[in-house]
Structure formats: structure tokens, C-alpha cells
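Visitor: attaching a predicted model along with its sequence, questions to come.
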Amino acid sequence: MKIEKIFTAQAKAKGGRDGHVTTNNNVLTIDLSTPKEMGGPGKTGATNPEQLFAAGYAACFEGALGVAARQAKVQLQEVTIEAFIGFGKAEDGGYGISADLHINLPGFEQAQAEELVEAAHGICPYSRATKGNIEVTLNTTTNA
């Protein structure tokens, strides 16, 4: 898929999963550490690529949800998105990730909330990038 770029994010990693990541504007400069569950040191105060992916996906999905809501001419209130990114061995012997998104849309009927979430899933660049590549599960609730 070809896109007309309107923005390019830039980050530099050094040292891999136990290294350091810095964005070109130096707003994000953070140490990385492989989680203990994956055989790493799990250093306090450090993050990992899966947590960074989860943060980006959750934020991007909420933005897409806002677009879907505007298109449907409805107002969102106090939306929360939690992204759980799983890491594990793939069937082909390599490694892969999965994504479980928990989306809470208070003030909506369940069916309408699910329609908005599906629309957002079609809009969100992270969802579009992962479509057919990783397992993505959408869990929609309407708790106040």
C-alpha cells in the first residue's frame, strides 16, 4: 500500500532489547530491558518494544475511534483503550506478537459501541498495518 506521507516519526535504538531508544526530538529517551518472563533482566525503570507498541496502538486506536464517532455523528465520553501485546513463539519457529484491545465506551448501547469499534479498526493505521499479520482481538464494553 502506497501512502502520501504527511509526517514521519523517527527513533534510534542502540543495544537491542537491553539497550536504549531515543526519538529525534529527544522527548522520548528511555532504557530498554528484556522482561524476566522472556529470560531477560527485567530492569526497573526500563520498558520493552511490546510496551511501546501497546502504548502507540492504544493511543492511535482512540484517535481512530474519534474519527469513527465524528463520522457517525455521536459524542464520545471518557473512552479508555487498553492494549495487551503478547509475545511468543510462532508456528513457523520464529517469534510473533498478538494484540488484545480492551475498549470501553461509556454511554453507548453495546451494539452501537461494537459498530464504532469495528469502524475504528478499519481506520486505525496500527490496525491496518497488522491486518492479516497478527491476531488482533477487540473487546468492547460500555461500563460507566
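Guide: That came through, no problem. Residues are numbered from 1 along each chain as shown.

Visitor: looks like Asn46 contacts Ile30 (just checking).
Guide: No, residue 46 isn't Asn; it's Ala. Yes. If you go by C-beta atoms under 8 Å, Ala46 and Ile30 touch, sitting 7.2 Å apart. (Glycine included, C-beta is placed from N, CA and C.)

Visitor: of the two, who's got more company?
Guide: Using other C-beta atoms under 10 Å as the criterion, Ala46 and Ile30 rank with Ala46 on top: 19 against 14.

Visitor: what's the closest non-adjacent residue to the more buried one?
Guide: Ser33 (3.6 Å; C-beta to C-beta, 6 or more residues apart in numbering).

Visitor: that neighbour against Asp18, yeah?
Guide: Yes. The pair Ser33 / Asp18 is scored as a contact, 5.7 Å apart, by C-beta under 8 Å.

Visitor: so what's Gly42 up against?
Guide: Ser33, Thr34, Pro35, Lys36 (C-beta atoms under 8 Å, 6 or more residues apart in numbering).

Visitor: could you tell me how far the closest residue to it other than its chain neighbours is located from Gly19?
Guide: Nearest residue to Gly42 in three dimensions, chain neighbours excluded: Lys36, at 3.7 Å (C-beta to C-beta, 6+ apart). Using C-beta to C-beta, to the nearest Å, Lys36 is found at 17 Å from Gly19.

Visitor: done for today, thanks.
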